[in-house]
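1. I'd like to go over a predicted model; first the sequence, then the structure.
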Amino acid sequence: MKSWYLFAILALVVLIEALVVVPVVSNPGRRFLAAVLPSVVINYANTDRQQAREITLKENPLLAKAATEKALDMAARGYFSHVGPKGETPWTWLDKVGYDYVYAGENLAVNFFDSGDVHRAWMNSPAHRENILDKRFTEVGIGTAPGKFNGRDSLYVVEFFGSTGTSLSLASSTQIISQNNSSLLSAVASIPNGVLSLNRRFILSLLVLLGYDLPSGKII
């Protein structure tokens, strides 16, 4: 009897995933916004930082605002670059929101479907990985924006890292995180990559066999 309950639950999960994934992938008018979640990406980053024995990053609203404005600008003006069409540097966006940084960094991604895929792509790139694990950074903010990329609907993702004089002072007095907290964070971060993501990937594989054109991400 219990096995039938489990089967029913898994079937329901697959159905829900199908209802969400198929319309998003097959309908070019749909957005990918719900698939890449800032909080999930940050959890992934902090899990990897803990494994590297670095302090966890705190989400900063100013960094999140700057990241969102940069993502919206790329989507509106149709570019994908650390430098804007008029020479705007990443730091332009930090200055604009009033983030008084001592150190700062930026990761960019576009046309990814899943939060975990974005983070793994960054971690597989030495320069992006260095940003994620950089001991000088104490804060993070992520912004997303739907737009066109290579003629198709996509999602722009901006990840800003930073530290201020105040955040560095607080970080210097922070103790190494306990193993219990590390395990808890790892568990939280692994939820999006559990049953739902497995089903999502299974469905996406089926869509490929059916001839659907799926997103292929790019990072810089």
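-> Yes, it's here.

2. what's the closest non-adjacent residue to Glu69?
-> With C-beta to C-beta, 6 or more residues apart in numbering as the criterion, Glu69 has its nearest non-adjacent residue at 5.7 Å, and that residue is Trp93. Using the backbone N, CA and C atoms, a C-beta is placed for each residue, glycine as well.

3. ugh, wrong one, I meant Ala45
-> Closest to Ala45 by C-beta to C-beta, 6+ apart is Ile132, at 5.1 Å.

4. how about Ala67, what does it touch?
-> By C-beta atoms under 8 Å, 6 or more residues apart in numbering, the contact list for Ala67 reads Trp93, Gly141, Ile142, Gly143, Val158, Glu159, Phe160.

5. Could you say which helix or strand holds the fifth one?
-> When you say that, I think you mean Val158. Here Val158, judged by DSSP states H and E, is contained in strand 152-163.

6. how about the strands in the protein?
-> Taking DSSP state E, the strands of the chain run over residues 58-59, 103-110, 139-149, 152-163, 218-219.

7. Just put these in CSV and tack on distance to Ala35, mean neighbour count and mean pLDDT.
-> Shown next, in CSV, are these (distance: least, C-beta to C-beta, whole Å; neighbours: other C-beta atoms under 10 Å; pLDDT from 0 to 100):
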stretch, distance to Ala35, mean neighbour count, mean pLDDT
strand 58-59, 19, 14, 96
strand 103-110, 12, 22, 94
strand 139-149, 10, 22, 95
strand 152-163, 7, 24, 93
strand 218-219, 16, 17, 66
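
8. Identify the residues contacting Gly147.
-> By C-beta under 8 Å, 6+ apart, the neighbours of Gly147 are Met74, Ala75, Ala76, Gly78, Asp153, Ser154, Leu155, Tyr156.

9. can you redo those as JSON lines with distance to Glu88?
-> Below are those laid out as JSON lines (distance: C-beta to C-beta, whole Å):
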{"residue": "Met74", "distance to Glu88": "10"}
{"residue": "Ala75", "distance to Glu88": "15"}
{"residue": "Ala76", "distance to Glu88": "13"}
{"residue": "Gly78", "distance to Glu88": "14"}
{"residue": "Asp153", "distance to Glu88": "24"}
{"residue": "Ser154", "distance to Glu88": "21"}
{"residue": "Leu155", "distance to Glu88": "21"}
{"residue": "Tyr156", "distance to Glu88": "15"}
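
10. Could you point out which of those is nearest to Ser125?
-> Tyr156 (17.2 Å; C-beta to C-beta).

11. Settle this for me: that closest one is touching Ala75, isn't it.
-> Yes - the pair Tyr156 and Ala75 qualifies as a contact (C-beta atoms under 8 Å) at a distance of 5.2 Å.

12. pLDDT weak spots in the protein?
-> The chain contains residues with pLDDT under 70 at 1-34, 173-220.

13. Going along the chain, name the helices of it.
-> Applying DSSP state H to the chain gives helices spanning 2-26, 38-51, 61-77, 90-97, 115-123, 126-133, 165-172, 179-190, 195-209.

14. follow-up on the earlier one: going by distance to Lys58, which of the contacts of Gly147 wins?
-> Relative to Lys58, and with distances defined as C-beta to C-beta, the nearest of those is Tyr156, at 23.6 Å.

15. what about the residue nearest to that closest one when sequence neighbours are not counted, distance to Leu168?
-> Take Tyr156 and drop its neighbours on the chain: the residue closest to it by C-beta to C-beta, 6+ apart is Ala71, 4.5 Å away. Per C-beta to C-beta, to the nearest Å, Ala71 is found 26 Å from Leu168.
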